[in-house]
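A.B. asks: Just a sequence and a predicted model for now, questions to come.
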Amino acid sequence: MQDLTHFIDGKHVKGTSGRFADVYNPATGEVQSRVPLASKAELDAAVASAAAAQTAWAATNPQRRARVLMKFVDLLHRDMDKLAEALSREHGKTLPDAKGDVIRGLEVAEFCIGAPHLLKGEFTDGAGPGIDMFSMRQPLGVAAGITPFNFPAMIPMWKFCPAIACGNAFILKPSERDPSVPLMLAELMQEAGLPDGVLQVVNGDKEVVDAILDNETVAAVGFVGSTPIAEYIYGRGCSNGKRVQCFGGAKNHMIIMPDADMDQAADALIGAGFGAAGERCMAISVAVPVGEETADRLIEKLTPRVEALKIGPFTAGDDVDFGPLVTADAKRRVLGLVDKGVEEGAKLVVDGRGFSMQGYEEGFFVGACLFDNVTRDMEIYKQEIFGPVLSTVRANTYEEALGLAMDHEYGNGTAIFTRDGDTARDFANRINIGMVGVNVPIPVPLAYHTFGGWKKSAFGDLNQHGPDAFRFYTRTKTVTARWPSGTKEGAEFSIPTMG
Ligand code: NAD
């Protein structure tokens, strides 16, 4: 069994805390490696050397910094198969989906190649007599990212690419469930020309997260994960004076109007509900058909499709729709919630609880489950299940369906399927959710737009990637400059105005 490392100052470094966590192959259920869990002392040392490296990095011109990302993009393409394999081996998702995970991160790296343009400040020539005014966007220093297990390539890249392009050093604390790909990404950044120390990967659990939140040098923290931890990190980070953005859990509703193309809606629900075994923050977990007839038609179309879903290990190739859950705990939790839904009176139309994968009996597989007649008071409706479970809540009217999505505490993504432009437009305008799809089930914005939910799905005021990331990872300095002769003569006692 292999012991993984941290990546500090351009080198793989063994953990010294003596604490480790097991990393599983979810398809077989076997422990395949151990990841070191860093102590506060290890984190503090990594931050100190990141701070030392940051000064020269910030002084490197933005075009040169961008060139590192250009090269990084090439290296990601070169190593795509290797990255996807390592990702699937620890996460469990299929290989094509693992490549998607890498590519959605790579696209943010591509966007960040525009750093020289994105970092251009503002300038007013002649703001007053002989006075120029300009604003610069300067890096914060050392920023940190704490990332979840479900996108071990994409989300680390969403964090470190813009932070580093802006001239910061970055401490990445990836999920302890699948830390290998983040370590590989750090190696590739180094191969691309990033100076040692500018990107440090420090593995660990709550102990190292708390050390990040309490470290005085860390100026900003970006978090992605579950809502209770997001809230905790936001509170502790902000009260320690840091700039913090935290993205949390989700319960994404898809509304199906009576005029929707029902085959298209059913296909969309299958991909969005069960892709990556439902372990996506933008997965659709609630289908809301409007009208009894729509609901009956939808369930009729969904049932055989859900029953036909192919589940298996990533090694089985393209013939698999989704793989196992990430850990035995995740499997237990999802099965427990399905039991709870049955107890609460929801109708389990397709029951995947008994699924067992031949030859992989110890793997963390759960079969696809489809619920009908779910109601808003049930636990399976209130909680994020994060598994291959789609709940159907029947609504009588469009207003009821809209109200359901609006009243839910989460507000990450949502979608409406309809042929009526007026309904779609009304929905997009009124809904209190950050990302909206119109006949698109998973409306994840592309790299040059920004990603972020509302309500309990996000804490902080700027989104991830796109132009917001360049705002989050820089601070503005505004200079008012006057160069005429005679500035030294006479003092000004009243505040200058433009009147
Ligand atoms: P998680 O909250 O368990 O872990 C996320 C990170 O926080 C990990 O790095 C973990 O080590 C750390 N952590 C865990 N417990 C901690 C604690 N008590 N104190 C301090 N740090 C702690 O989340 P997860 O299970 O890895 O990921 C799944 C969750 O992430 C889901 O809720 C999903 O919706 C959410 N998610 C949200 C987005 C988004 O952009 N909104 C994207 C992806 C995933």
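C.D. replies: Arrived safely. The model shown is predicted, which means the values in this text are computed figures rather than measured ones.
A.B. asks: Excluding sequence neighbours, find me the nearest residue to the residue in the stretch 151-300 of the chain that the ligand sits nearest to.
C.D. replies: Nearest to the ligand, among the residues of the stretch 151-300 of the chain, is residue 225, at 2.6 Å (CB to the nearest ligand atom). Where you see a C-beta, it was placed from the backbone N, CA and C, and this is true even at glycine. Closest residue to residue 225 apart from its sequence neighbours, by CB to CB, 6 or more residues apart in numbering: residue 148 at 4.3 Å.
A.B. asks: Return the per-residue confidence for the one you found.
C.D. replies: Looking at residue 148, its pLDDT is 98.
A.B. asks: Now the residue of the stretch 151-300 of the chain closest to the ligand: phi and psi?
C.D. replies: Main-chain dihedrals, residue 225, degrees, to the nearest 10: phi 170, psi -150.
A.B. asks: ok, it - contacts?
C.D. replies: For residue 225, the contacting residues are 146, 147, 148, 175, 246, 247, 248, by CB atoms under 8 Å, 6 or more residues apart in numbering.
A.B. asks: Show me what from this structure comes close to the ligand.
C.D. replies: 146-151, 173, 175-176, 205-206, 209, 224-226, 229, 247-250, 281, 384, 386, 412, 453, 457 (CB under 6 Å from any ligand atom).
A.B. asks: does residue 124 count as helix, strand or coil?
C.D. replies: At residue 124 the chain is in strand, as set by DSSP: H, G, I helix; E, B strand; the rest coil.
A.B. asks: and stretch 243-258, how far out from the chain's middle?
C.D. replies: Remark: stretch 243-258 is offset 12 Å from the chain centroid, using CA atoms, centre = their mean, to the nearest Å.
A.B. asks: State the distance from the residue lying closest to residue 267 once chain neighbours are set aside to the ligand.
C.D. replies: Ranked by CB to CB, 6+ apart and with sequence neighbours excluded, the top spatial neighbour of residue 267 is residue 305, at 7.6 Å. For residue 305, the distance to the ligand equals 24 Å [CB to the nearest ligand atom, to the nearest Å].
A.B. asks: doesn't residue 266 make contact with residue 305?
C.D. replies: Yes. Checked against CB atoms under 8 Å, the pair residue 305 and residue 266 is within contact range at 6.0 Å.
A.B. asks: more neighbours, those two?
C.D. replies: residue 266 (23 against 17; other CB atoms under 10 Å).
A.B. asks: My reading is that the more buried one lies in a helix. Confirm?
C.D. replies: Yes. Residue state for residue 266 (three-state DSSP) corresponds to a helix.
A.B. asks: Grab the nearest non-local neighbour of it.
C.D. replies: residue 301 (4.0 Å).
A.B. asks: same deal with residue 36?
C.D. replies: Nearest to residue 36 is residue 15, by CB to CB, 6+ apart, at 2.3 Å.
A.B. asks: That neighbour: helix or strand, and which one exactly?
C.D. replies: Per DSSP states H and E, residue 15 falls between elements, in no helix or strand.
A.B. asks: Let the chain start at 3 from now.
C.D. replies: Understood, numbering begins at 3; the last thing we discussed is residue 17.
A.B. asks: show me what contacts it?
C.D. replies: Per CB under 8 Å, 6+ apart, neighbours of residue 17: 5, 7, 8, 38, 39, 40, 44, 205.
A.B. asks: Please convert those residues to a markdown table, extending it with secondary structure and pLDDT.
C.D. replies: Formatted as a markdown table, these follow (DSSP: H, G, I helix; E, B strand; the rest coil; pLDDT from 0 to 100):
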| residue | secondary structure | pLDDT |
| --- | --- | --- |
| 5 | strand | 97 |
| 7 | coil | 98 |
| 8 | strand | 98 |
| 38 | strand | 98 |
| 39 | coil | 98 |
| 40 | coil | 98 |
| 44 | helix | 98 |
| 205 | coil | 98 |
